[in-house]
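Visitor: need a structure here:
(one chain, ligands or ions: 1)
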Amino acid sequence: MTQDLIKGAAKFQHYHYESGDEALMADLVTEGQDPKYFIISCIDSRCNPGTIFRAKPGTFFAHKSMGAIVHPYQKATALAAALQFALQYNKVDTIIVLGHTQCGAIKALATDIDDAEISGFISVAKHALKKSQDCCSTHDEILDKTEQEVILESVDNLKSYPCVAAALAENRVSIKPWQFNMKTGDILEHNDTTNNFEIIKLNTPKEDCRTNA
Ligand SMILES: [Zn+2]
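Guide: Below is the predicted model:
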């Protein structure tokens, strides 16, 4: 039943415990972790940041929520505790809100899902939906726009967390509004000047990415 997972774990064990340059886990276990990034992403199985970014162990803290939605600050939530740990007791310098296209949570929001457990969480993003409905005409355009507006609202809500506000005031952290385009694999970032999400270009030759390492 779960052999696909165990096979993956065996590969991980081979590369990161036993395989020369990639054997990072021994150091991470003895010396501890020092991740630079904190990534907030959707629970969607197709946009797991560990898979998308092909990141090595120790690269980022991960937090998941439906639609990568961040609620305004409330004391002692899972996210508040995780951010406190990342910013006060570790040296994370970049928080990434990673939304994605074709997001089921945003579709549920736009179609007013009749499920109190889910709508109770995602309804915080209703303002983003309303904003999109005011400027777009078709259902698909509204969904696309809402997916991006929710990312921006989540970034704003993050600033209400005391540890994030303090880190921003001291210039210790930046927050990046990112979107994973599931159809193309591109990663986009919101550009404050153009007010659009734009593809983040790679600053090394793409050929460098064509090995499996
Ligand atoms: Zn999603």
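
Visitor: quick one, what contacts Met66?
Guide: Neighbour list for Met66: Cys42, Ile43, Ala105, Ile118, Phe121, Ile122 [criterion: Cβ atoms under 8 Å, 6 or more residues apart in numbering]. Glycine gets a C-beta too; all of them are placed from N, C-alpha and C.

Visitor: any idea how far His63 is from the closest residue in space to the fourth one that isn't next to it in sequence?
Guide: Distances taken as Cβ to Cβ, 6 or more residues apart in numbering place Ala108 nearest to Ile118, at 6.0 Å, with adjacent residues excluded. When Cβ to Cβ, to the nearest Å is applied, the distance between Ala108 and His63 equals 20 Å.

Visitor: ok, then the element right after the helix or strand harbouring Ile175?
Guide: Taking DSSP states H and E as the definition, Ile175 sits inside strand 174-180. Scanning the chain past strand 174-180 towards its C-terminal end, the next helix or strand to appear is strand 187-191 (assignment: DSSP H and E).

Visitor: quick one: contacts of the helix or strand following that next one?
Guide: If you walk from strand 187-191 toward the C-terminus, the next helix or strand you reach (DSSP H and E) is strand 196-199. Identification of contacts with strand 196-199 by Cβ under 8 Å, 6+ apart yields Gln148, Pro177, Gln179, Asp186, Ile187, Leu188, Glu189, His190, Asn191.

Visitor: change it to 6 Å
Guide: Strand 196-199 is touched from outside by Gln148, Gln179, Asp186, Leu188, His190, Asn191, with contacts defined as Cβ atoms under 6 Å, 6 or more residues apart in numbering.

Visitor: which one of the residues you listed is nearest the ion?
Guide: Sorting the contacts of strand 196-199 by how near they are to the ion, with Cβ to the ion, puts Gln179 at the top with 10.7 Å.

Visitor: confidence score at that closest one?
Guide: At Gln179 the predicted local distance difference test score is 98.

Visitor: show me what contacts it?
Guide: Gln179 sits next to Gly99, Leu188, Phe197 when contact means Cβ under 6 Å, 6+ apart.

Visitor: near the ion, from the contacts of Met66?
Guide: Cys42, Ala105 (Cβ under 5 Å from the ion).

Visitor: just the closest of the contacts of Met66 to the ion, please.
Guide: Cys42 (3.2 Å).

Visitor: residues of the chain that sit close to the ion?
Guide: When proximity is defined as Cβ under 5 Å from the ion, the chain approaches the ion at Cys42, Asp44, Cys103, Ala105.

Visitor: pLDDT, secondary structure and neighbour count for the residues you listed - can I get that in CSV?
Guide: Listed next are those as CSV, based on pLDDT from 0 to 100; DSSP: H, G, I helix; E, B strand; the rest coil; neighbours: other Cβ atoms under 10 Å:
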residue, pLDDT, secondary structure, neighbour count
Cys42, 98, coil, 24
Asp44, 98, coil, 19
Cys103, 98, coil, 25
Ala105, 98, helix, 24
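
Visitor: thanks a lot, catch you later.
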